[in-house]
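Chemist: based on what follows, work out the 3D shape:
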Amino acid sequence: MKTYKEAILKPTTLKGYKSNLKTHLYPTFGKKPLNEITTDDVQKFLNERESLAKNTVHTMFVLFSEIMDSAFEDRLIPANPAKSKRLTIVSTKQTTRDALSPVQLQQIISDISDKLTDDTQRRMMALMLFTGMRRGEVLGLKWEDINFDSKLIRVRRAVSYPTNQPLVSTPKTRSGNRVIPLDDHLTTLLEPRGTTGYIIGGEKPLTQMVLRRVLRNINKKVDMFGATPHVFRHSYLSAMVEAGVDPKTIQQIGGHSNITTTLNIYAHTRVGLVREAGEKVGRLLTNNQHNSVHEAKTQSVPL
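Modeler: Got it, this is the predicted structure:
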């Protein structure tokens, strides 16, 4: 971990690795000699985590497999027991984050304008609602990154918290460095404009302690309907789908390195639109049928 991973992993990814090691992998395999770990042991490990989300278990499995790959490369074991084709992740639980409804979003936007008189609180919420940026990207945004004339925002950096102090780095993925549109309503909510420095924080980003206090104060004034920063991001990108924006453009604005992530949002949102279309057609057919019956009865009345 120290030699090969710490220098290349993002702080949040590294933190997740260490958490999985401490909570899951060490308790199960930590005291067992490497050459005694079997494929059966790995499958039992996966079976015992059936109640967890499939993506969560998959992350643990990939990390474990990397460790065993290293052991095989160093000739400590004859083969990697995690490479067997027999292995399956039995969990089918998916972590779904539903987008907020238009009514909920409108209520939050109204509350931002009316109730958030503090500039930091208002700007924080506005950027999360109207840009689809990740929370760390919002915290890393500077006034210099916004071109109010061309109505574009350049995403260049992200903030994470390995400790209480903020760590500024490049965005989560290479595609995270991108240009996104600046909404007119967002421009209004960012007033008064600054010229230099971090939009949220000033000369430097907020510490984790101050950020938590800001979010607590926002929650006291605005009903978030249980939404997290990720839900706001998901809601923005889903709204783009409903507005008819093509998947490739949404991928670019969302900073997704993999088009599959974008298509999942696209497919999930389109399901709602398909259902809505079905309801519209159903009402149309029902009304037509009602009108036809009415016309038939009218025509059957003797003169």
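
Chemist: bridged to Val179, which residues?
Modeler: In this structure, Val179 bridges to Arg154 when assessed by DSSP bridges.

Chemist: shouldn't it be in contact with Leu152?
Modeler: Yes: the pair formed by Val179 and Leu152 meets the contact definition of Cβ atoms under 8 Å, at 5.3 Å. To be clear about C-beta, it is placed using only N, CA and C from the backbone, and glycine gets the same treatment.

Chemist: now do the shared contacts for these two.
Modeler: Taking Cβ atoms under 8 Å, 6 or more residues apart in numbering as the contact criterion, Val179 and Leu152 have no common neighbours.

Chemist: and the pLDDT at the residue most central in space within the chain?
Modeler: Within the chain, one residue has its C-alpha closest to the average C-alpha position: by Cα atoms, centre = their mean, that is His230, at 4.2 Å. Note for His230: predicted pLDDT of 88.

Chemist: helices or strands up against the helix or strand hosting Glu137?
Modeler: Secondary structure assigned from DSSP states H and E places Glu137 in helix 135-139. In terms of contact count using 3 or more Cβ pairs under 8 Å, 6 or more residues apart in numbering; DSSP states H and E, helix 135-139 is assigned the packing partners helix 119-131, strand 158-160, helix 229-242.

Chemist: tell me which of those lies nearest to Gln107.
Modeler: Proximity to Gln107, assessed across these by Cβ to Cβ, is greatest for helix 119-131 (11.6 Å).

Chemist: what sits against Leu167?
Modeler: 11, 159-161.

Chemist: so can I have JSON lines of these showing pLDDT and neighbour count?
Modeler: Below are the contacts of Leu167 laid out as JSON lines (pLDDT from 0 to 100; neighbours: other Cβ atoms under 10 Å):
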{"residue": "Pro11", "pLDDT": "77", "neighbour count": "17"}
{"residue": "Val159", "pLDDT": "93", "neighbour count": "25"}
{"residue": "Ser160", "pLDDT": "90", "neighbour count": "21"}
{"residue": "Tyr161", "pLDDT": "90", "neighbour count": "20"}
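
Chemist: just flag the most distant two among those residues.
Modeler: Farthest pair in the contacts of Leu167 (Cβ to Cβ) is Pro11 and Val159. Separation: 9.9 Å.

Chemist: circling back to that earlier point, relative to Leu100, which of the helices and strands packed on helix 135-139 is closest?
Modeler: helix 229-242 (4.6 Å).

Chemist: end-to-end on stretch 201-208?
Modeler: One end of stretch 201-208 sits 11 Å from the other (Cα to Cα, to the nearest Å).

Chemist: in it, what counts as buried?
Modeler: Using 16 or more other Cβ atoms under 10 Å as the test for burial, stretch 201-208 gives 201, 205-206, 208.

Chemist: with stretch 204-222 instead?
Modeler: Neighbour count says stretch 204-222 has 205-206, 208, 211, 214-215, 218, 222 buried, by 16+ other Cβ under 10 Å.

Chemist: what is the mean pLDDT for that stretch?
Modeler: Mean per-residue pLDDT for stretch 204-222: 94.

Chemist: ok, residues contacting that stretch?
Modeler: By Cβ under 8 Å, 6+ apart, the list of residues contacting stretch 204-222 reads 108, 111-112, 115-116, 118, 120-121, 124-125, 139-140, 159, 161, 163-166, 168, 198, 200, 224.

Chemist: pull out the buried members of the residues you listed.
Modeler: Of these, these count as buried by 16+ other Cβ under 10 Å: 108, 111-112, 116, 120-121, 124-125, 139-140, 159, 161, 166, 198, 200, 224.

Chemist: now the strands for the protein?
Modeler: 146-147, 152-155, 158-160, 167-169, 178-181 (DSSP state E).

Chemist: show me what the first one is packed against.
Modeler: Right, the one you point to is strand 146-147. Helices and strands touching strand 146-147, as assessed by 3+ Cβ pairs under 8 Å, 6+ apart, comprise strand 152-155.
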